[in-house]
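> give me a 3D structure for the following:
(one chain, ligands or ions: 2)
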Amino acid sequence: MGELILPPRLSAEIAAIYKEMAEQYDVVAEQIPLTCQGCPDNCCDSYFLHYTYAEWAYLWEGLRALGKEVFARILTRAREYVQECEQVLEKGERPQINCPLLDDGLCGLYFHRLMICRNHGVPATLTRPDGQQMRFPGCFRCQEIVEQNFVQETDAPAMERTRLFRRLAMLESEFLGNMRHLYPRLKMTIAEMIVNGPPQDIESCLKSQENA
Ligand code: SF4
Ligand code: SF4
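Residues are numbered from 1 along each chain as shown. Ligands and ions are numbered 1, 2, ... in the order given. Presented below is the predicted three-dimensional model:
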């Protein structure tokens, strides 16, 4: 009973998926062309929610490698984030608060940042499990550039997310194994993933649910 730890093979697989995402992102960004340099916005205050235990565990691999002081600073910011976020959500508004990992405008855990952070920006396409095709136009800056450079939005190149998302879903299944259906559905901000500590195995999850 205790912490859910990624076996080395799955840890390497998640790093490989992330790497491929970054490479595909760069190809599309170059074709648009889109760069975050000089952007008046910083997407790291977006209310991103994350859905996989495997990514949560991988985030903790990165957090554990940080120095004590750096981690303590991040934990304080994460606690503040969670509190502030609750207040904003209670008012029925969408939070816009800097991610606790943001340091001087840069991601403080770049190689462990989550999938949603990695995909935000360029246009993307996705085929859902029910076969429905979806297209996302990218961030506001990307949409402005696409409008200038392409006749219509669908002429712009897009990052095809389906295969990589499936790979991540398969990894998640393997990670949680035949207990997958028992784990509570995940929907968490990075701040909550930090404040709550690393993901726990199913026995611990069920116990904390009983005590809640
Ligand atoms: S993803 Fe888009 S909105 Fe976000 S920082 Fe980059 S260019 Fe700006
Ligand atoms: S994890 Fe990094 S990239 Fe993602 S929102 Fe936080 S600071 Fe930004």
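
> which residues of this protein lie near ligand 1?
Residues of the chain lying close to ligand 1 (C-beta under 6 Å from any ligand atom) are 34, 36, 39, 41-43, 120-121, 139-142. Glycine gets a C-beta too; all of them are placed from N, C-alpha and C.

> and the residues you listed, which are buried?
34, 43, 120-121, 139, 141-142 (16 or more other C-beta atoms under 10 Å).

> can you put these in TSV and add secondary structure?
As requested, those are exported to TSV (DSSP: H, G, I helix; E, B strand; the rest coil):
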residue	secondary structure
34	coil
43	helix
120	coil
121	coil
139	coil
141	helix
142	helix
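
> would stretch 135-142 count as contacting ligand 2?
No: judged by C-beta under 6 Å from any ligand atom, stretch 135-142 makes no contact with ligand 2; its nearest approach is 13.0 Å.

> and that stretch, how far apart are its ends?
Terminal residues of stretch 135-142 lie 14 Å apart, using C-alpha to C-alpha, to the nearest Å.

> for stretch 130-143, same thing?
End-to-end distance of stretch 130-143 (C-alpha to C-alpha): 27 Å.

> identify the residues contacting it?
32, 34, 39, 41, 43, 120-128, 146, 153-154, 158 (C-beta atoms under 8 Å, 6 or more residues apart in numbering).

> buried ones in that stretch?
Neighbour-count burial for stretch 130-143 flags 136-139, 141-142 (criterion: 16+ other C-beta under 10 Å).

> got a markdown table for those, with pLDDT too?
Shown next, in a markdown table, are those (pLDDT from 0 to 100):
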| residue | pLDDT |
| --- | --- |
| 136 | 96 |
| 137 | 95 |
| 138 | 96 |
| 139 | 95 |
| 141 | 96 |
| 142 | 97 |
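
> a markdown table for those, including distance to residue 201?
Below are those laid out as a markdown table (distance: C-beta to C-beta, whole Å):
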| residue | distance to residue 201 |
| --- | --- |
| 136 | 34 |
| 137 | 40 |
| 138 | 38 |
| 139 | 37 |
| 141 | 42 |
| 142 | 40 |
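
> farthest-separated two in those residues?
The two members of those with the most space between them (C-beta to C-beta) are 136 and 141, at 14.1 Å.
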